[in-house]
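> Have a look; sequence and predicted model below, questions after that.
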Amino acid sequence: MSKVDDRRKKLREDLTLAAERRIIEGGTTSVKARDLATEAGCALGAIYTVFADMNDIVMAVNLRTFRKVDDAVSGSIKGRDSDAPLDRLMAMSIAYMHFARDHTNIWRALFSLEMSAEVNAPDWYVTELRELFQHIAKPLSELFPDMSAEDLDLLVRGLFSSVHGIILLGLERRISGVGPEQIEKMIYQILSRVAGKI
């Protein structure tokens, strides 16, 4: 790698970390090009030598966040392959809930950009989402061993959407949501139905 490539890589990393700090403090609306340039110690125009636009910078932060979410979710079931599928699904859901609660602004940023996974999402985004879904698919495939791959994929996406929605509405204290103290109970009720335990 040349010195120019090294400098570009360093600048990209510095800008990504600066944007991440701003998102943590104030959400995606606090990510401003001029502020990032000042913090990274570069000219304003230099940003666009390593990023296409401001959305591209938020996507770089999202990549880091996806990996943190995956670490939290996969870590919650590490060494628990012999646990019941419901127990693993619940552990992953609680880990996801705790990540959302403790890192709300960067978690929200994952879903703040308007894009379709099939049309304009970058390959890494689709890959990271698929890896997250694989954690959910494993216990579900044990519960439903005869389900087709297509139906299993729909169930995984549906279950993720359900848990995500419960957490989102609960954390935002929307009228259709429940308080934070009841989020875990609501998730358990949904997962228990899926697992045939209620």
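Right, received. Where do you want to start? Residues are numbered from 1 along each chain as shown.

> Outline the domain layout of this structure.
Here the domain parsing of the chain from automatic domain parsing is 1-51, 55-194.

> Including mean pLDDT, could those domains go into JSON lines?
Output for those, formatted as JSON lines (pLDDT from 0 to 100):
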{"stretch": "domain 1-51", "mean pLDDT": "93"}
{"stretch": "domain 55-194", "mean pLDDT": "89"}
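
> Contact partners for the residue nearest the centre of the chain?
With distances taken as Cα atoms, centre = their mean, residue 66 lies nearest the centre of the chain, 4.4 Å away. Applying Cβ atoms under 8 Å, 6 or more residues apart in numbering to residue 66 gives the contacts 110, 125, 128-129, 132. (Each C-beta comes from the backbone N, C-alpha and C, glycine too.)

> In helices, which of these fall?
125, 128-129, 132 (DSSP state H).

> any chance you could map the helices in this protein?
Remark: helices assigned in the chain by DSSP H are 3-26, 33-40, 54-76, 85-102, 104-109, 123-143, 149-172, 180-194.

> Buried ones in the first one, by neighbour count?
When burial is assessed from 16 or more other Cβ atoms under 10 Å, helix 3-26 yields the following buried residues: 11-12, 14-23.
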